[in-house]
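>>> Build me a model:
(2 chains)
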2 protein chains.
Amino acid sequence: MASTTNHTPPLLDLTIDNITENVVRINSQSSNARLNYLMERLVTHVHDFARETRLSTHEWMATIEFLTKTGQMCTDVRQEFILLSDILGLSMLVDSIDHPKPPNCTEGSVLGPFHTGDAPHLPIGSSMSTDAAGEPMLALCTVSDSSGRPISGVKVDIWETDSSGHYDVQYESRESPSERCVMTSDVDGGFWFKAIKPVSYPIPDDGPVGKLLQLLNRHCWRPSHMHFMFEKQGLDPLITTLFIRGDKYETSDVVFGVKSSLIIDLGKVDEETAAKYGVPVGALLLKHKFVLASTEETEKLRDKNAMEAMERLGLKTKLIDHLPVPDLD
Amino acid sequence: MASTTNHTPPLLDLTIDNITENVVRINSQSSNARLNYLMERLVTHVHDFARETRLSTHEWMATIEFLTKTGQMCTDVRQEFILLSDILGLSMLVDSIDHPKPPNCTEGSVLGPFHTGDAPHLPIGSSMSTDAAGEPMLALCTVSDSSGRPISGVKVDIWETDSSGHYDVQYESRESPSERCVMTSDVDGGFWFKAIKPVSYPIPDDGPVGKLLQLLNRHCWRPSHMHFMFEKQGLDPLITTLFIRGDKYETSDVVFGVKSSLIIDLGKVDEETAAKYGVPVGALLLKHKFVLASTEETEKLRDKNAMEAMERLGLKTKLIDHLPVPDLD
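So this is what the prediction gives:
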C-alpha cells in the first residue's frame, strides 16, 4: 500500500509476479496521500487486467493506437475521451459516487461531451432555440431545496439537440451557440423558456469510440432528452437530464444515463398558458420541479457512503477532504 | 461473464452496485469471444477502480484532460501513450507475458517510444552512428537458437542515443535517421557494426507523462543502453536491450526494463581486433551472443504459463489462438 517514505527498492529483474508491488512502491513517494492511493489502485488494476487476460503485444499496441486516436479526435468542441468514459458507464458511475442524492432530490445523469462554456446568458422567458423546423415546446421549471423552499439566483445551464438530432458544436460552420443558454432562477425559484422538442440521436460515431461500438455490436443512440446543470454557492452542483417518455431508446441509452425519475411526460399548452407565456395553444409543455441538495447534505451523504463502501470492500481507509486514503494508523 | 447472445437487459436506473454487470452484458454481444472477455475485464477493473477510490468528478475530469493531452502529444515520431505504459510498468509486464523465454534464451525488455520504421538497412560492418562526439564502440554479435545453432538471415533492428542522450527523432531538424540501422545476420549468425557508447538519458519530460513523474516525485532517467529487435520467420520476435554495467540508474530505470542478464561489460579493442575490423586500438568493445526462441518454443511456454496463471487466479478459461477466453462449457 501507499507509503510516504523515500526508500525505493532496487528495480531489477522484475517479473510478472513481482512487478506490481515494485511499481506501486516507486509510485508512493509523493507527499500527497490521495495521489499515492490513486496510483496504487490504478497500477494494481492495470496490471491485473494484463495478467487476467494474458494481454498480447498485438492487443497492447492496438490499445495504444486506440487511445492515441481518441486523444487526437478531441478538439475545443469535441471530447472523445468523455464519450469513451460515457459508453463504458464510467461517467454515470462517477456521478453516482460523487453526487449522491438525498431522498426527494432530483437524480443526476451524465454531463456528456456537448456542454460548452460559451452559452449566452438569456433573460427568463427567452427562446433558446433558433431552429424553425423544431416542434415548439414551452418549459416551465422551478428549483427548490430538499425542504421545498424555492431557491433564487441559481445559474441554470440548458442544452439540447436541434430538430435533426445535432448539437450546435457538431456543425463545422458553427459561428455562435444555439440550442443552449444559461438562465438564473427568479425570486420564486422559477425559470421558463421557449425551446423545441429534443429528438433521439446517435452519438458521434465517426471516431474511435464509434468504431468500438460497432465492434461490440452496440447501437450508438441516446433517447431524446434535454440537459440541465445547476450551480449556486452552498448547493451541490446538479448535472442532470430530462428524458421524453416513450422514446425507442429509453431502455438502451448508449451512455447509461436514463433514470425512471428523470423520464417526463410532455403536456399541451392550454389557452390560459398560451396567453400568459406568449406561445401557441397546443404547443408542447414541459413542466418540472428540480430539487437540489445543499453542499452540506451531499457531503454528509458522500462521506457516509464512502466509509460504508470501503468497509464492505475490506479496505482500511480514512477520509481526507471527503476522499479515501489508506488509514495506516 | 461474456455471452454471445443478443439479449440485453433494460438499461435503466443503474446504480453504483448494478451498473457494472449491466455494462458488461451489453458489451458481450460481439461474436468475438476474446473481445468480449477483454471488455468484461476492462469494464470490471475501471469500475472497481472508481468504486475503490470513490473517484471524484474533479479527479475524473483531470484524468480526461491528462489522457487528451497525452494523445495530442503523439506524433509520427513521438508516442506519449507508450511512454505512459512504460512508466507504469505495463510495457514490461506485457512483454513478459507475451514473450516468455525458455531457459538460456536472451531475455526481453521494453520497446520504448523511439523505434522507427525508417532505419536504413546497412551491410554488416557499417557504422550506424554519425556522431563524432560519441565514444567509438565496436559491436561484435551473434544470433543462435536455443540449441546454440547459428541463425542466418535474421533481421536485426538496432537503435541508440547519440552522445548527448537523444534519439534522432527528438530533434525537430531531423531529416534522416541516425544512430539506428537494420542489419541481417550472416551465414554464421554473426553481425557486427561500428557505433558509439550509448549514454543514460531522461525520457522526454516536457509532456503529460513528464508532469506525472514530477508529481510522483520520480526521476525520469534510463541507464545507458542499446536497443535490439530480432525478426525472422519461425522465430519468436525478440525485443531487447543491452545495458552498460555501472550506470548510475542501473537499479532505478524509469521504465523498469533492466534485467541482470542484459547488463554487459564493455571491453577494449586489442591490436588484432583493431586490424581485423578497421577500428582504433583501445576503442570500446561490445561482444554479445543473442539466443532466440522459436515461435513453437515460445507458444508452448506461453500456453503453459497462461493456463497455470488462469488456474491460480481461479478463472475458468480455455485458449483460442493462444489467448484465454471464458470456458463456458
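>>> For the residue of chain A found nearest chain B, list the residues it contacts.
Per C-beta to the nearest C-beta, A:Gly71 is where chain A lies closest to chain B, at 1.1 Å. Backbone N, C-alpha and C define where each C-beta goes, glycine included. By C-beta atoms under 8 Å, 6 or more residues apart in numbering or on different chains, the contact set of A:Gly71 is A:80-81, B:67-72, B:74, B:81.
>>> in what helix or strand does it lie?
helix A:57-73 (DSSP states H and E).
>>> Report the angle between that helix and helix B:57-73.
Relative orientation of helix A:57-73 and helix B:57-73, computed by axes from the mean of the first three to the mean of the last three C-alpha atoms, to 10 degrees: 100 degrees.
>>> same question for helix A:57-73, mean pLDDT?
In this model, helix A:57-73 has a mean pLDDT of 97.
>>> can you check stretch A:197-213 too?
Stretch A:197-213 shows a mean pLDDT of 95.
>>> and if you look at stretch A:275-295?
97.
>>> Mind listing what's buried along that stretch?
Going by neighbour count (16 or more other C-beta atoms under 10 Å in any protein chain shown), the buried part of stretch A:275-295 is A:277, A:279, A:283-286, A:288, A:290-294.
>>> Kindly report the same for stretch A:97-117.
When burial is assessed from 16+ other C-beta under 10 Å, stretch A:97-117 yields the following buried residues: A:97-101, A:105-115.
>>> and chain B, which of the residues you listed reach it?
Counting by C-beta under 8 Å from any C-beta of the partner chain, A:97-99 from those sit close to chain B.
>>> how big is the angle separating the longest helix along chain A from helix B:33-53?
In chain A, with assignment by DSSP state H, the single longest helix is helix A:33-53. Per the same axes, to 10 degrees, the angle that helix A:33-53 makes with helix B:33-53 is 160 degrees.
>>> Is helix A:33-53 positioned near chain B?
Yes. Helix A:33-53 comes into contact with chain B (C-beta under 8 Å from any C-beta), by way of A:35, A:37-39, A:41-43, A:45-53.
>>> The residues you listed: which two are farthest apart?
Using C-beta to C-beta, the pair of these lying farthest apart is A:Leu35 and A:Thr53, separated by 27.1 Å.
>>> These two: who's more crowded?
More crowded of A:Leu35 and A:Thr53, by other C-beta atoms under 10 Å in any protein chain shown: A:Thr53, with 24 against 19.
>>> That one and A:His322: what is the separation?
34 Å (C-beta to C-beta, to the nearest Å).
>>> same thing with A:Thr63?
Counting by C-beta to C-beta, the gap from A:Thr63 to A:His322 is 33 Å.
>>> higher neighbour count, the two?
A:Thr63 (17 against 14).
>>> Doesn't A:Phe243 lie inside a helix?
No. Counting by DSSP: H, G, I helix; E, B strand; the rest coil, A:Phe243 is not found in a helix; it is strand.
>>> isn't A:Lys268 right up against A:Leu286?
No. Using C-beta atoms under 8 Å, A:Lys268 makes no contact with A:Leu286, being 11.0 Å away.
>>> For A:Pro202, give me its contacts.
Contacts of A:Pro202 by C-beta under 8 Å, 6+ apart are A:165, A:219-222.
>>> now, the most widely separated pair of the residues you listed?
A:Gly165 and A:His219 (13.7 Å).
>>> where in chain A is pLDDT low?
Counting by pLDDT under 70, the low-confidence segments of chain A come to A:1-8.
>>> Domain map for it?
As given by automatic domain parsing, the domain ranges for chain A are A:1-55, A:80-293.
>>> Turn those into TSV, including distance to B:His121.
What follows is the domains of chain A, written out as TSV (distance: least, C-beta to C-beta, whole Å):
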stretch	distance to B:His121
domain A:1-55	32
domain A:80-293	34
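>>> can you tell which of those domains is closest to B:Gly153?
Across these, B:Gly153 has its closest neighbour in domain A:1-55 (30.4 Å, C-beta to C-beta).
>>> how far out from the middle of the chain is the closest one?
Distance of domain A:1-55 from the chain centroid (C-alpha atoms, centre = their mean, to the nearest Å) equals 30 Å.
>>> thought A:Gly257 was touching A:Ile239?
No. Contact criterion C-beta under 8 Å: A:Gly257 and A:Ile239 do not qualify, at 10.2 Å.
>>> more crowded one of these two?
A direct count of neighbours by other C-beta under 10 Å for A:Gly257 and A:Ile239 places A:Gly257 higher, at 27 against 20.
>>> which SSE is the more buried one in?
Going by DSSP H and E, A:Gly257 is not in any helix or strand.
>>> what does the stretch 201-329 of chain A have sitting close to chain B?
Residues of the stretch 201-329 of chain A found near chain B, taking C-beta under 8 Å from any C-beta as the criterion, are A:215-218, A:250-253, A:256, A:258-260, A:302, A:305-306, A:309-310, A:313, A:315, A:323-324.
>>> if I look at A:Gly257 and A:Ile239, which residues touch both of them?
Contacts common to A:Gly257 and A:Ile239, judged by C-beta under 8 Å, 6+ apart, are A:109-110.
>>> For the buried ones among the contacts of A:Pro202, write the corresponding PyMOL selection.
Here is the PyMOL command that selects the buried residues among the contacts of A:Pro202 (16+ other C-beta under 10 Å):
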select buried, chain A and resi 220+221+222
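>>> Looking at the contacts of A:Pro202, which is nearest B:Ser178?
A:Cys220 (46.1 Å).
>>> isn't that closest one right up against A:Gly207?
No. Using C-beta under 8 Å, A:Cys220 is not in contact with A:Gly207, being 10.9 Å away.
>>> Phi first, then psi, for the closest residue in space to A:Pro237 that isn't next to it in sequence.
What sits nearest to A:Pro237 in space, not counting adjacent residues and going by C-beta to C-beta, 6 or more residues apart in numbering or on different chains, is A:Glu231, at 5.0 Å. Main-chain dihedrals, A:Glu231, degrees, to the nearest 10: phi -140, psi 130.
>>> can you count the residues close to A:Glu231?
Neighbour tally, A:Glu231, other C-beta under 10 Å: 15.
>>> With A:Leu213 instead?
What A:Leu213 shows, counting by other C-beta under 10 Å, is a neighbour count of 19.
>>> tell me the contacts of the closest residue to A:Thr295 other than its chain neighbours?
Distances taken as C-beta to C-beta, 6+ apart put A:Asp236 closest to A:Thr295, at 5.3 Å, once the chain neighbours are dropped. Counting by C-beta under 8 Å, 6+ apart, A:Asp236 touches A:99, A:292-295, A:297-299.
>>> repeat that with 10 Å
A:98-102, A:105, A:108, A:230, A:292-299, A:301-302 (C-beta atoms under 10 Å, 6 or more residues apart in numbering or on different chains).
>>> cool, and A:Thr53?
So A:Thr53 contacts A:59, B:34, B:37-38, B:40-42, B:45, B:97, B:306, B:310, B:315, B:317, B:323-325 (C-beta under 10 Å, 6+ apart).
>>> again with A:Asp270
Shown in contact with A:Asp270 (C-beta under 10 Å, 6+ apart): A:276, A:281-282, A:285.
>>> and with 8 Å instead?
A:Asp270 sits next to A:Val281 when contact means C-beta under 8 Å, 6+ apart.
>>> so what's the residue nearest to A:Pro237 bridging to?
Using DSSP bridges, the bridge partners assigned to A:Glu231 are A:Lys155.
>>> Right, I'll leave it there.
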